[in-house]
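**Q** Provide a 3D model corresponding to the input given below.
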Amino acid sequence: MEDFYEHPQMGDGHLGKCKDCTKRDVKVDRRTKPHAREYDRNRARLPHRVALAKRIGQEWDRRYPDRAKAQNKAQNAVRDKKMVRVTHCENCGQMPKRIEKHHPDYSQPLSVMWLCKPCHSVADRIRRRIEAWGAF
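**A** Model (predicted):
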């Protein structure tokens, strides 16, 4: 029964669908139902969640000072108009609402790729695998 979430109101004490199906359904709901997205936005504004997000960000900055420094330099360059934010993903060409900076090499903070969230996730996954191989 470890493949099913516990649910005290069910006869056997477990939800009637497996964890993978439940996760898939929740993911679809988050993308398609406006009330679910609104619930998430309101939940993220709760004081304890704001404090947790801040603490996680500070821990990340301490753990990866080179990455934090590169992100700050790139953000300042955008602010000071020394770097221009593009409106489309440099990988897939999509024009999402939000575009993100990707640093292929953190030692070059002003050398960034502008990517949509899905492409940025893939690029980070590739970078992490390359870094892991370099550790051997």
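**Q** CA atoms for contacts and neighbours, from now on please.
**A** Fine.
**Q** what residues are up against residue 103?
**A** 109, 111, 112, 113 (C-alpha atoms under 8 Å, 6 or more residues apart in numbering).
**Q** Next, it: phi, psi?
**A** As for residue 103, its main-chain torsions (degrees, to the nearest 10) stand at phi -100, psi 100.
**Q** where does this protein dip in pLDDT?
**A** Along the chain, segments meeting pLDDT under 70 span 135-136.
**Q** Strands along that one, start to end?
**A** With DSSP state E as the criterion, the chain has strands at 4-6, 14-18, 100-102, 113-115.
**Q** quick one, what contacts residue 64?
**A** Contacts for residue 64 (C-alpha under 8 Å, 6+ apart) come out as none.
**Q** now swap in residue 100 and tell me
**A** So, once contact is read as C-alpha under 8 Å, 6+ apart, residue 100 ends up touching 114, 115, 116, 117, 120.
**Q** Quick check: the gap between it and residue 113.
**A** In this view, residue 100 and residue 113 are 8 Å apart by C-alpha to C-alpha, to the nearest Å.
**Q** same thing with residue 60?
**A** Taking C-alpha to C-alpha, one finds residue 60 at 21 Å from residue 113.
**Q** Looking at these two, which is more packed in?
**A** When residue 60 and residue 113 are compared for neighbours, residue 113 comes out ahead with 19 against 13, by other C-alpha atoms under 10 Å.
**Q** For residue 67, see how far away that one is.
**A** 15 Å.
**Q** Now rank the contacts of residue 103 by neighbours and give me the top one.
**A** Within the contacts of residue 103, residue 109 tops the neighbour count with 21 neighbours, counted by other C-alpha under 10 Å.
**Q** wait, what's in contact with the nearest residue to that one once chain neighbours are set aside?
**A** Distance criterion C-alpha to C-alpha, 6 or more residues apart in numbering; nearest residue to residue 109, sequence neighbours excluded, is residue 70 at 4.4 Å. Taking C-alpha under 8 Å, 6+ apart as the definition of contact, the neighbours of residue 70 are 106, 107, 108, 109, 110.
**Q** neighbours of residue 5, just the number please.
**A** Under the criterion other C-alpha under 10 Å, the count of neighbours that residue 5 has is 15.
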